[in-house]
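Trainee: Give me the fold of what follows.
(chains A, B and C)
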Amino acid sequence: MKSSGSSFYDRIYRLVGMIPPGRVATYGQIARLAGRCSPRNVGYAMSSVPPDSPVPWHRVINSRGRISVRSDGEPCDAQRQMLRSEGIEFGPGGTVDLSVFGWRGPAGEVSNDEQW
DNA sequence: CTTTTGACGCGTA
DNA sequence: CTACGCGCCAAAA
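Mentor: Predicted structure coming up:
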């Protein structure tokens, strides 16, 4: 398979890449699944996500169900549109109902066929 | 090698 | 509901 072993970043990308459409995961969620309980690293990893990475980073938002903002200080409008396109609805203020669109985790995706 | 930063999480006020 | 501070780990300079 692949000479992975890049770093724990690769783990983040993989977890994010397994998020099903119409679902959103939080940084803390990814951080926990990644094995490291540092939500900051997840955000940092996302920001470090190269444009050639097949990682739907737009499906990763903060625990409050809000879209994160970049260093620019303004959230990516495109991200909100993409999530909206996937069937995710935003409440007043741009909040997402994690109780409905919150990703249950790899347990709800792994079909025993997905290998790491 | 050390230091700074970084798309966060959570508790408390 | 919002605002502030602390904690966390890793990568980049």
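
Trainee: where do the helices sit along chain A?
Mentor: A:8-17, A:27-34, A:39-47, A:77-85, A:98-101 (DSSP state H).

Trainee: what's the residue closest to the geometric middle of chain A?
Mentor: Central residue of chain A (CA atoms, centre = their mean): A:V60, 2.6 Å from the mean position.

Trainee: need the contact list for that one.
Mentor: A:16, A:19, A:24-27, A:30, A:42, A:46, A:68 (CB atoms under 8 Å, 6 or more residues apart in numbering). C-beta coordinates here come from the backbone N, C-alpha and C atoms, glycine included.

Trainee: export the helices of chain A to CSV and tack on mean neighbour count?
Mentor: Formatted as CSV, those follow (neighbours: other CB atoms under 10 Å):
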stretch, mean neighbour count
helix A:8-17, 19
helix A:27-34, 20
helix A:39-47, 18
helix A:77-85, 14
helix A:98-101, 14
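
Trainee: Any idea which of those helices gets closest to A:G91?
Mentor: helix A:98-101 (10.4 Å; CB to CB).

Trainee: Up against DNA strand B, what does chain A have?
Mentor: A:26-28, A:31, A:38-44, A:46-47, A:49, A:57-58, A:60, A:62-64, A:67-71, A:76, A:79 (CB under 7 Å from any atom of the strand).

Trainee: again, 6 Å this time
Mentor: A:26-28, A:39-41, A:43-44, A:46-47, A:49, A:57, A:62-63, A:68-71, A:76, A:79 (CB under 6 Å from any atom of the strand).

Trainee: near DNA strand C too, which of those residues?
Mentor: Answer for those near DNA strand C (CB under 6 Å from any atom of the strand): A:39-41.

Trainee: Going by distance to DNA strand B, which of those residues wins?
Mentor: Nearest to DNA strand B among these, counting by CB to the nearest atom of the strand, is A:P39 at 3.2 Å.

Trainee: picking up where we left off before, could you dump the helices of chain A to a markdown table with distance to A:G108 and mean pLDDT?
Mentor: Output for the helices of chain A, formatted as a markdown table (distance: least, CB to CB, whole Å; pLDDT from 0 to 100):
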| stretch | distance to A:G108 | mean pLDDT |
| --- | --- | --- |
| helix A:8-17 | 13 | 88 |
| helix A:27-34 | 12 | 92 |
| helix A:39-47 | 19 | 90 |
| helix A:77-85 | 18 | 91 |
| helix A:98-101 | 13 | 92 |
